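Colleague: here are the coordinates; sequence isn't available:
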């Protein structure tokens, strides 16, 4: 099996790559080739490297997508995209990367023809939804994004569904909740603080909290996100039906509950490193995001996630901190 | 006030033009200029012609949209598009006209800048929804189109909402039910028979019914469609809020009830001109369409429609047949 990952240099892309390289198989099929694509060259994994090709290229540039699919990868994880904050600040870049790049990929697949019909797993986002919301968002809630990022994700979902219906590919869009705890440096996502208030204090640094502790949100760990992607790649088409874009499950809690988990696992000193500093732009963006979901279809289709925010913090300590916490 | 109509040579475009030329005003503002754009040159109206400019051009071709908005029309009725059957049969043409053309128009408006912020009324469609459906589709039902046409309309709605949120324009998308009775020749819309079974028998011709009489559907007259467009152009932004794409009201009835109305108004001989001839493609497309709506927001916002299918037939007899029926 040949797997292509776009956005492979991003956080989820790297973790997915690591997992695939360790397991050497996906849903029971042996992986014999892995192509890693991103705007910057993705790192080559230490092992399995004879089977890995890395490329730096922009999907929106004519020819890039065609080249990416010319070797007919069986499964494509389409993770490439700019994050919410950046898409909001840079209108043209957001549409170029998140919409034009995605459409170029789908069109390149269509152009191959000749019976080529890859499984395409697209990392969408709960940002396809926009306030006001019911208490919990049902699977059939309408798409009224309140950010350009959410708009671009929703459009790509619609394209993916139409290309699937047309028999050009087999698409699955998975709407990820906020992925926490993100390792590494803060990025430009407006949701970055949900990770920052856990990651930075655990690393001995101060963290800024730009919203109120009462803000409710739904989270999943990067390990769960990778699990969603791999599970989506193996879903039975017949069970999936025509509604190929799915709300993923997650752990719903308030920012205050996140902090309480941190305090419980790491102590008062660590939790004391969070500083409140409201940011009007982030407050506005986050206010327009959904808080809670009722993802019945994903649960029926077998997607798994953590049960508590404690578990989400433990995944971070385990995967990114080698099991250790700075006092 | 300067008004631009794209798709002005189409049926709704022509009826909208006629009405604007007669009224010489839109929601209380005098019209001093009317620009009619279509892929084929729209007919110049008999009166008011000093104030009317007609142009044949393809919005998707670079430069066309920029030229169309260069004189900064205050209101743009964006009606241009290929119909559902054609978009389904010709993948590339559908995306080119319905998506690329629409996006080019929005981008051209953005490029004008300098405080230019027109009202853009977009004729969307109930085809943004896809089966399975609840008994009546609520205003917050999700977008899962089952045709490329519905996909292209849904994407344009999402773009229109984002450009509106960004302050680039003031968009309103109105999801039209099936517009009947369409005058003139049959077109390639899969929904064409809903008009054909009324129009053709009234004109003394046989009509083909490709679906069962039990098929339920929601209709509005062309006069109502024009009324929706004009009303949308005058909506209060504050009342509209961020959810700018609206389900329009209509008359819900079965094909059998349509035929009963025809029989009541025109007699057995006329109604006898309908011949049943199932068409698998049309049956499949129509099965995926919604039947019934609960368009609360549109009703609250003051959109008006006929109350019975009898009234819809009477509008056709009045507007298109000069009040007369062939025996």
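Modeller: Thanks, I have the structure now. Since the model is a prediction, treat every value here as computed from it, not as a measurement.
Colleague: For the residue lying closest to residue A:24 once chain neighbours are set aside, give me its contacts.
Modeller: Here the nearest residue to residue A:24 in space, its sequence neighbours aside, is residue A:31; by Cβ to Cβ, 6 or more residues apart in numbering or on different chains that works out to 5.6 Å. C-betas here are computed from N, CA, C, even on glycine. Residues in contact with residue A:31, defined by Cβ atoms under 8 Å, 6 or more residues apart in numbering or on different chains, are A:1, A:2, A:3, A:20, A:23, A:24, A:25, A:51.
Colleague: Same question for residue A:46.
Modeller: By Cβ under 8 Å, 6+ apart, residue A:46 has no neighbours at all.
Colleague: Next one, pLDDT for it please.
Modeller: What the model reports for residue A:46 is a pLDDT of 86.
Colleague: any idea whether it is helix, strand or coil?
Modeller: coil (DSSP: H, G, I helix; E, B strand; the rest coil).
Colleague: Residue A:143 too?
Modeller: Per three-state DSSP, residue A:143 ends up coil.
Colleague: what's the burial count for it?
Modeller: 25 (other Cβ atoms under 10 Å in any protein chain shown).
Colleague: do you know how far the residue nearest to residue A:24 is from residue B:107?
Modeller: Distance, residue A:31 to residue B:107, using Cβ to Cβ, to the nearest Å: 41 Å.
Colleague: same check, this time on residue A:240
Modeller: Residue A:240 is 34 Å from residue B:107, by Cβ to Cβ.
Colleague: Compute the number of surrounding residues for residue A:2.
Modeller: 17.
Colleague: Mind listing the residues bridging to it?
Modeller: Here residue A:2 sits in beta bridges with residue A:33, as judged by DSSP bridges.
Colleague: who are the neighbours in contact with it?
Modeller: A:31, A:32, A:33, A:34, A:35, A:71, A:72, A:73, A:74, A:75.
Colleague: pLDDT and distance to residue B:39 for those - can I get that in TSV?
Modeller: Formatted as TSV, these follow (pLDDT from 0 to 100; distance: Cβ to Cβ, whole Å):
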residue	pLDDT	distance to residue B:39
A:31	97	49
A:32	95	49
A:33	97	46
A:34	97	46
A:35	97	41
A:71	96	40
A:72	98	37
A:73	98	39
A:74	98	41
A:75	98	41
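Colleague: Narrow those to those in strands?
Modeller: A:33, A:34, A:35, A:75 (DSSP state E).
Colleague: longest helix of chain A?
Modeller: Counting residues, the longest helix found in chain A (DSSP state H) is helix A:148-165.
Colleague: C-terminal to it, which secondary structure element comes first?
Modeller: strand A:170-176 (DSSP states H and E).
Colleague: In terms of secondary structure, what does that next one contact?
Modeller: strand A:119-125, helix A:148-165, helix A:222-233, strand A:245-247 (3 or more Cβ pairs under 8 Å, 6 or more residues apart in numbering or on different chains; DSSP states H and E).
Colleague: Among those, which comes closest to residue B:252?
Modeller: Taking Cβ to Cβ, helix A:148-165 is the member of these nearest to residue B:252, at 26.1 Å.
Colleague: that older thread, of all the helices and strands packed on strand A:170-176, which lies closest to chain B?
Modeller: helix A:148-165 (4.1 Å; Cβ to the nearest Cβ).
Colleague: For that closest one, the averaged confidence score.
Modeller: pLDDT averaged over helix A:148-165 gives 98.
Colleague: How about stretch A:189-206?
Modeller: Rounded mean pLDDT across stretch A:189-206 is 92.
Colleague: check whether that stretch contacts chain B.
Modeller: No: using Cβ under 8 Å from any Cβ of the partner chain, stretch A:189-206 never reaches chain B; the gap is at least 15.0 Å.
Colleague: so how far is that stretch from its chain's centroid?
Modeller: 18 Å (Cα atoms, centre = their mean, to the nearest Å).
Colleague: Show me what counts as buried in that stretch.
Modeller: A:189-202 (16 or more other Cβ atoms under 10 Å in any protein chain shown).
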